[in-house]
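**Student:** Task: produce atomic coordinates for the following.
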Amino acid sequence: MRHHDSDKEAELLHAIARGKEQAMQQLYRLWQPRLLAFVTRRLGDRHDAEDVVHEVMLDIWRQAGRYEGRSRPLTWAMSIAHHKLVDRQRKHYREDPSDDIELFDGDDEADLPAALNGARDAQRLHDCLTRLSDAHRTAVHLAFFEELSYPDIARIIACPVGTVKTRLFHARKLLKDCLGESLCR
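**Tutor:** So this is what the prediction gives:
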């Protein structure tokens, strides 16, 4: 993310803290897709994820004045989302995320083999990701899907940068072993 994007987001947070609804609408449009992707990957259910994102955005509306600028604004929002997910897991633990994967969008039968291969690859990756602990899966999602830096990930999950690096190292090894195992089938 470019520096001026973070500056704009910080300005929006300050405006939200002053009760500016238009700033909240702008921030919602900016962040909702990324927050929804993050939460959906963790929950495996888009409907539940939308509920969590709405809770996160409501917390941002209420707590915008607490943003201190020690991290990028989106990192702060992802941290709120992470804590919402942890709270939700404590209340309603779900062992396996939904296995629903959209296999094919198009009508062209020529695309079907490619779509099925892509779906198999996606399913294989999904299966391997679900074998990871929640801590490893979260680190992988933030690093590879959200493309956040180690310090940002550390702020979100409230642990040292070294722990983030260790989790990613072990997660990569576990994924490599799992994907290699599934490729041999």
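**Student:** Confidence-wise, which helix or strand of the protein is lowest on average?
**Tutor:** Ranked by mean pLDDT, DSSP states H and E, the weakest helix or strand in the chain is helix 112-131, scoring a mean of 70.
**Student:** What's the first helix or strand after that one?
**Tutor:** Downstream of helix 112-131, the next assigned helix or strand under DSSP states H and E is helix 134-140.
**Student:** what about Leu174, how many neighbours?
**Tutor:** 17 (other CB atoms under 10 Å). (Glycine included, C-beta is placed from N, CA and C.)
**Student:** so what pLDDT did it get?
**Tutor:** Model confidence at Leu174, given as pLDDT, is 91.
**Student:** Which of the helices or strands spans it?
**Tutor:** Going by DSSP H and E, Leu174 is in helix 161-183.
**Student:** Spit out the contact partners of Leu129.
**Tutor:** Counting by CB atoms under 8 Å, 6 or more residues apart in numbering, Leu129 touches Arg137, Val140, Leu175.
**Student:** could you measure the spatially most central residue of the chain against Arg29, distance?
**Tutor:** The geometric centre of the chain, computed from its C-alpha atoms, lies nearest to Phe38 (CA atoms, centre = their mean), at 1.9 Å. From Phe38 across to Arg29, the span is 16 Å (CB to CB, to the nearest Å).
**Student:** now for the helix or strand hosting the residue nearest to the centre of the chain, which elements pack on it?
**Tutor:** Counting by DSSP H and E, the element that carries Phe38 is helix 21-43. On a contact count with 3 or more CB pairs under 8 Å, 6 or more residues apart in numbering; DSSP states H and E, helix 21-43 meets helix 3-17, helix 46-63, helix 73-91.
**Student:** Out of those, which is closest to Gly180?
**Tutor:** Minimum separation from Gly180 across these (CB to CB) falls at helix 73-91, 29.4 Å.
**Student:** Domain-wise, how is the chain divided?
**Tutor:** Here the domain parsing of the chain from automatic domain parsing is 1-94, 112-185.
**Student:** comparing those domains, which gets the lowest mean pLDDT score?
**Tutor:** Averaging pLDDT over each of the domains of the chain puts domain 112-185 lowest, since it has a mean of 82.
**Student:** correct me, but Leu30 touches Glu9?
**Tutor:** Yes - here Leu30 reaches Glu9: they are 6.9 Å apart, a contact under CB atoms under 8 Å.
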